[in-house]
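**Q** Just a sequence and a predicted model for now, questions to come.
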There are 2 protein chains.
Amino acid sequence: MSDQIRVFSVDDHPLLREGIAALVNNQPDMTLVAEAATGAEALERFKQHVPDVTLMDLRLPDMSGIDILIAIRTEFPEARIIMLTTFEGDVEIHRALQAGARGYVLKNMPPSQLLDVIRQVHAGKKRIPPEIASQLAEHMTDESLTEREVEVLRQVADGNRNRDIAKNLFISEETVKVHIKHIMEKLGATDRTQAVAIGVRRGIIQL
Amino acid sequence: MSDQIRVFSVDDHPLLREGIAALVNNQPDMTLVAEAATGAEALERFKQHVPDVTLMDLRLPDMSGIDILIAIRTEFPEARIIMLTTFEGDVEIHRALQAGARGYVLKNMPPSQLLDVIRQVHAGKKRIPPEIASQLAEHMTDESLTEREVEVLRQVADGNRNRDIAKNLFISEETVKVHIKHIMEKLGATDRTQAVAIGVRRGIIQL
DNA sequence: TTTTAACTACCACGATGGTGGTACGCTTCC
DNA sequence: GGAAGCGTACCACCATCGTGGTAGTTAAAA
């Protein structure tokens, strides 16, 4: 029948795609129309099939799921995309929603919840499970790091001294100190090491 | 038929278990006899079914997959257990093999490879895919951290100053310094922050 | 039983990091 | 045309960290 929800699954874990395929195709009102394992594949297949709902992994081998989301939505602003991830960092969630994701589901949630989100999103709603929403709310009032600050934090995580960071970013050592001070203030860290730890936990930087 | 490989799957991601179930039950020589989502469940179900091969996730909500592996193998030394994980830290791999894992497979590997490992392990062999083996070989010569050093590294990652670490662990600040010096030497880090980053990447500590 | 490894402890010194304050050019937003 | 935020820069001061060396105790291994 033609009124089924046409689902597209993007994930680099074949086993997980298999699970999604089994789950979705078992629903009377859904059918899986395509799969992709990389960002490049995802873009290509999306244009081919123009699915109703896309399930997108946050981390893919070639590019970030969020970048794919943005790429798809510049060409197809109506695309309904759900982020599906193991990851709980509030920054990633925030960025995904900012970029136009319609849902955000963790991979360890029960399949029924995923199906629910797929149906809701297909119906034009946004759907964020309460666990995620509260995660997000916890840091709503926090100031977020600027691009430059994130750049500096990455350098710190790589074990660079202020002097080296200054050289790498073509700024003075004093400026690096200022950035790090702001980073620590915003993240509530007492030193650079804790700043890195918090940054990783919140998904601001990756190791 | 009774000569099928009886497989047991332990993972807290229902979607992934679904994928494994579909995959395994599609093989003529295998059948999935049980599933578990937590460590407690895993122990209980194992005793019930005594499967031929167990697929074990490394990270479960209640306990580490390695601890479950150890628990099972103290009662069933013949248990054939394959670790199945997204994770690539060499320390986890090493600990798992040390504890008696017969295989170590990443979740992003092709299903055919997983099936291969299941069959090989069932046949009594050990099976470590080359990607993993090389991962492991890279750090073969590295000295590993002592328990105390890991403890100190955790404290460092939490943003504690040497003085605080000393108080928390009931040792002198000078001793903390010695530990950190050794940690940095062993990990090849230039400062505490990089030590934390490397420790996380290699799976020595979690954030 | 000697030896080794791990954990503990102290000292002194130089290097690095974090704090507080001030300041200027630029863009963006009322 | 201010105001606000960002990125840049400098200074001075104190705190903390990292390095070098020495050394005692204990437990495990050879």
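**A** Yep, it's here.

**Q** A:E35: what's it in contact with?
**A** A:8-11, A:17, A:21, A:45 (CB atoms under 8 Å, 6 or more residues apart in numbering or on different chains). C-beta here means a position set from N, CA and C on the backbone, and glycine is covered the same way.

**Q** what helix or strand is it on?
**A** For A:E35, the element it lies in under DSSP states H and E is strand A:30-36.

**Q** And the average pLDDT for that strand is what?
**A** Averaged over strand A:30-36, pLDDT sits at 97.

**Q** for it, which positions count as buried?
**A** A:30, A:32-36 (16 or more other CB atoms under 10 Å in any protein chain shown).

**Q** Any part of the helix or strand that comes right after it near chain B?
**A** Remark: after strand A:30-36, the chain's next helix or strand is helix A:39-49, criterion DSSP H and E. No - figure legend: helix A:39-49 not in contact with chain B (CB under 8 Å from any CB of the partner chain); closest approach 14.3 Å.

**Q** Show me what helix A:39-49 is packed up against.
**A** strand A:5-10, strand A:30-36, helix A:65-75 (3 or more CB pairs under 8 Å, 6 or more residues apart in numbering or on different chains; DSSP states H and E).

**Q** hang on, the earlier thing: next, the angle helix A:39-49 makes with the strand holding A:E35.
**A** Between the axes of strand A:30-36 and helix A:39-49, defined by axes from the mean of the first three to the mean of the last three CA atoms, to 10 degrees, the angle is 140 degrees.

**Q** Helix A:65-75 and strand A:30-36, what's the angle between them?
**A** In terms of direction (the same axes, to 10 degrees), strand A:30-36 departs from helix A:65-75 by 110 degrees.

**Q** for the longest helix along chain A, which positions count as buried?
**A** Across chain A, the helix with the greatest residue count (assigned by DSSP state H) is helix A:173-187. Neighbour-count burial for helix A:173-187, with 16+ other CB under 10 Å as criterion, is recorded at A:176, A:179-180, A:182-184, A:186-187.

**Q** what about the following helix or strand past it and DNA strand D, touching?
**A** Per DSSP H and E, helix A:173-187 leads on to helix A:192-201 as the next helix or strand towards the C-terminus. No - Helix A:192-201 stays clear of DNA strand D (CB under 7 Å from any atom of the strand), getting no nearer than 7.9 Å.

**Q** Could you work out the most separated pair of the contacts of A:E35?
**A** With CB to CB as the measure, no two of the contacts of A:E35 lie farther apart than A:A21 and A:R45, at 14.2 Å.

**Q** is it true that A:L84 touches A:V105?
**A** Yes - with contact defined as CB atoms under 8 Å, A:L84 counts as touching A:V105 (5.2 Å).

**Q** Common neighbours of those two, please.
**A** A:L114.

**Q** thinking again about what came up before, would you mind listing which of the contacts of A:E35 are buried?
**A** Buried, going by 16+ other CB under 10 Å: A:8-11, A:17, A:21, A:45, out of the contacts of A:E35.
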